[in-house]
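Asks: sequence first, predicted model second:
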Amino acid sequence: MIEFKPVRLEDKQIIERHTMPSGILNCDLAFANMYCWQAMYHSAWAVIDGFLVIRFHIGGGEKIGYMQPVGEGDFGPILPLLREDAYAHGQRLRIIGLTDEGRDTIRRIVPCHFAFESDRALEDYVYNADDLRNLAGRRYQPKRNHINRFTAEYPDYRYEELTPDRFGECMALEREWRKAHEGHTSELCAEQRAMQRAFEHFEELGLIGGCIYVGDRLAAFTYGSAVNDHTFDTHVEK
């Protein structure tokens, strides 16, 4: 049976040794996400034959899932070990966040053993950074319109870097925001805990963020971290 370890701050370097060179564009592979949502997803990790494997509880429930193994080469040979681990927990093997290449590997190694499905609601939005900087073309017209309306209505707004002295304001704004979204209580409470953990270890987790003020009032904030060497994930926007 695989010896999985809970994701701890001191594991960041080992985990990112695998994730940073990876070409997998999945926000769940950002170390800060694994660590900050630990209380809900119970993320744990192991390195098997040079591949990083992340095991977690899907949706914070009883079902166990495994992220696509991260490493160089073919992860096919470790599939039997993952299946054995899942069976030891009385569950079938579920691999989440498969790339097209990962799906093809599974089909080749163990044909007819897996069913594949996608859930659009769980997919990440992936943008080119230059597209978001420039917002050029018809595709980004709605975003340009949104910005124009905002600057017209709030000409005194200003942008500030998210620094520790602003964490208290951010949590107060989050509480205010959450009152208007009471229909998703458990999920939003889990997000609040994740935010609190992020602010407690902001620098160690490699998080960066920004705030927008209207006059002297904090109106919005966001923060995120790197998924890999060329992809950044926005963890929170309020």
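Replies: Perfect, I can see it now.
Asks: buried stuff in the helix-or-strand element of the chain with minimal mean pLDDT?
Replies: The helix or strand of the chain with the poorest confidence is helix 185-200; it has a mean of 87 (mean pLDDT, DSSP states H and E). Across helix 185-200, burial judged by 16 or more other CB atoms under 10 Å covers Leu188, Ala190, Glu191, Ala194, Met195, Arg197, Ala198, Phe199. In short, each C-beta sits where N, CA and C put it, glycine included.
Asks: surely the third one touches Glu237?
Replies: Okay, so that is Glu191. No - the criterion here is CB atoms under 8 Å, and Glu191 misses it with Glu237 at 11.3 Å.
Asks: ranges for the strands of this protein?
Replies: Applying DSSP state E to the chain gives strands spanning 5-6, 44-48, 51-57, 64-67, 95-96, 157-161, 208-214, 217-228, 231-237.
Asks: how about the ones you listed, which one is nearest Pro142?
Replies: Closest approach to Pro142 among those is made by strand 231-237 (16.5 Å; CB to CB).
Asks: who does that closest one pair up with?
Replies: Applying DSSP bridges, strand 231-237 is found paired with strand 217-228 (antiparallel).
Asks: the inter-axis angle of the partner strand versus helix 185-200?
Replies: Angle between the axes of strand 217-228 and helix 185-200 is 80 degrees (criterion: axes from the mean of the first three to the mean of the last three CA atoms, to 10 degrees).
Asks: now do strand 217-228 against strand 157-161, angle only.
Replies: Per the same axes, to 10 degrees, the angle that strand 217-228 makes with strand 157-161 is 40 degrees.
Asks: quick one: mean pLDDT for strand 217-228?
Replies: For strand 217-228, the mean pLDDT works out to 97.
Asks: quick revisit: just put the strands of the chain in TSV and tack on distance to Cys36.
Replies: Converted to TSV, the strands of the chain look like this (distance: least, CB to CB, whole Å):
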stretch	distance to Cys36
strand 5-6	13
strand 44-48	15
strand 51-57	13
strand 64-67	16
strand 95-96	18
strand 157-161	20
strand 208-214	13
strand 217-228	10
strand 231-237	7
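Asks: what about Arg138, distance to Asp130?
Replies: According to CB to CB, to the nearest Å, Arg138 stands 16 Å off from Asp130.
Asks: meant to ask about Met20
Replies: Relative to Asp130, and taking CB to CB, Met20 is found at 21 Å.
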